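K.L.:
for reference, the sequence and a predicted model appear below.
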Amino acid sequence: MSRLERAPRVFAELGSTNTHCKAHLADLPDGAAVLALRQTAGRGRRGKSWADTADSGMALSFVLKGIELRQVAALPLCVGLAVSEALEEAAGCRTEIKWPNDLVVWGKKVCGILCEGVVGEETAAVCGVGVNLTQTAEDFARRQLPHGGSLLSECGVRLAPRELAVQVLAHCDRRIEQFFAQGLPSLLPAYRARSATLDRTVRVLWEGREAVGRAVDVGEDGSLLVEIGGRVVPVCSGEASVRGLYGYR
Ligand SMILES: O=C(O)CCCC[C@@H]1SC[C@@H]2NC(=O)N[C@@H]21
């Protein structure tokens with residue numbers, strides 16, 4: 001029995017699939033999935049925008065109801081792993097995971113994930129997945145996104161959003177079931193094996209301060225463990241921004 005809808009509800013245009021799911025949460029069942037063929041006000045992490053995906057990307061969100069708030073913090077890693085696996089299957093191209101859940105190929109970001117907790121009568125999460133499908137290097141250069149890439153520009157593969165969404169939902173379903181049954185620690189070996197961050201020198205920015213250290217592991221709660229000045233410090237994704245010094249943003 002699958003929890004996530006296998007065939008998403010398809011809209012020709014939405015502002016943001018995440019915003020749509022949050023606004024219609026009461027009417028959407030647990031596991032509902034929404035795909036927009038064009039997104040006019042896509043949202044990214046840390047209040048950033050996620051550019052229009054008309055004909056060039058996949059904008060997909062799904063709803064998880066009855067989730068505990070503490071689980072929402074670890075969910076992005078689970079979804080990042082699942083989408084990385086889905087892209088490998090669909091595009092035949094290995095994506096690495098930049099902690100917590102940006103997916104990169106050759107250091108270029110091809111997918112961003114935004115998981116948001118919603119507190120109401122019952123706690124829910126809305127997870128949004130944006131995949132760059134067909135943009136060219138020139139498109140990213142024009143938009144001043146030197147670290148942006150697409151599955152076409154980095155892997156040479158042209159995928160259609162509807163078909164990819166079905167594969168992404170199948171992989172998310174499997175990993176989310178594991179996440180709820182066995183917890184994040186059971187996913188960490190597979191997550192670590194795809195990490196673009198571990199064993200790298202990283203710059204951690206939080207509350208206006210900056211420190212350079214080495215990313216040594218991911219904790220059981222999903223925090224990044226960074227060795228700074230001989231001490232291992234857990235960094236939570238909600239609190240700090242982590243940038244790799246080499247190879248990726
Ligand atoms: O890298 C990021 O900052 C996260 C980007 C998440 C983009 C996706 S596209 C589908 C869903 N709807 C949104 O408005 N955002 C997410």
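P.N.:
Okay, I see it.
K.L.:
quick one: secondary structure of the one residue sitting closest to the centre of the chain?
P.N.:
By CA atoms, centre = their mean, the chain has its centre lying nearest to Ile113, at 2.5 Å. Secondary structure state of Ile113, per DSSP: H, G, I helix; E, B strand; the rest coil, is strand.
K.L.:
ok, it touching Leu81?
P.N.:
No - here Ile113 does not reach Leu81: they are 10.4 Å apart, not a contact under CB atoms under 8 Å. Every C-beta, even on glycine, is put in place using the N, C-alpha and C of the backbone.
K.L.:
contacting residues around stretch 148-157?
P.N.:
In this structure, residues lying in contact with stretch 148-157 by CB atoms under 8 Å, 6 or more residues apart in numbering are 56-57, 87, 90-93, 104-106, 108-110, 131-137, 139-140, 158-159.
K.L.:
about what we covered before: check contacts around the residue nearest to the centre of the chain.
P.N.:
76, 79-80, 83, 101-103, 127-130.
K.L.:
of those, list those near the ligand.
P.N.:
By CB under 6 Å from any ligand atom, the members of those lying near the ligand are 102, 128-130.
K.L.:
tabulate the residues you listed (JSON lines), appending secondary structure, pLDDT and neighbour count.
P.N.:
Shown next, in JSON lines, are the ones next to the ligand among the contacts of Ile113 (DSSP: H, G, I helix; E, B strand; the rest coil; pLDDT from 0 to 100; neighbours: other CB atoms under 10 Å):
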{"residue": "Asp102", "secondary structure": "strand", "pLDDT": "95", "neighbour count": "23"}
{"residue": "Gly128", "secondary structure": "strand", "pLDDT": "98", "neighbour count": "27"}
{"residue": "Val129", "secondary structure": "strand", "pLDDT": "98", "neighbour count": "30"}
{"residue": "Gly130", "secondary structure": "strand", "pLDDT": "98", "neighbour count": "24"}
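K.L.:
ok, so of the contacts of Ile113, who is nearest Lys22?
P.N.:
For the contacts of Ile113, the minimum distance to Lys22 (CB to CB) is 10.0 Å, reached by Gly128.
K.L.:
show me what that closest one is bridged to.
P.N.:
Ser61, Leu114 (DSSP bridges).
K.L.:
measure how buried Ala7 is and give me the count.
P.N.:
As a burial measure, Ala7 scores 11 neighbours (other CB atoms under 10 Å).
K.L.:
per the record, what domains does the chain have?
P.N.:
The record's domain parsing of the chain by automatic domain parsing lists 9-193, 201-244.
K.L.:
in a markdown table: the ones you listed, plus distance to Met1.
P.N.:
Shown next, in a markdown table, are the domains of the chain (distance: least, CB to CB, whole Å):
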| stretch | distance to Met1 |
| --- | --- |
| domain 9-193 | 9 |
| domain 201-244 | 27 |
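K.L.:
interface residues of this structure facing the ligand?
P.N.:
16-18, 42-45, 48, 50, 59-61, 102, 112-114, 128-130.
K.L.:
ok, 8 Å please
P.N.:
Counting by CB under 8 Å from any ligand atom, the residues of the chain close to the ligand are 15-19, 36, 39, 41-46, 48, 50, 53, 57-61, 102, 109, 111-114, 128-130.
K.L.:
now, of the residues you listed, which are buried?
P.N.:
The neighbour count (16 or more other CB atoms under 10 Å) marks 16-19, 36, 39, 42-45, 50, 53, 57-61, 102, 109, 111-114, 128-130 as buried among these.
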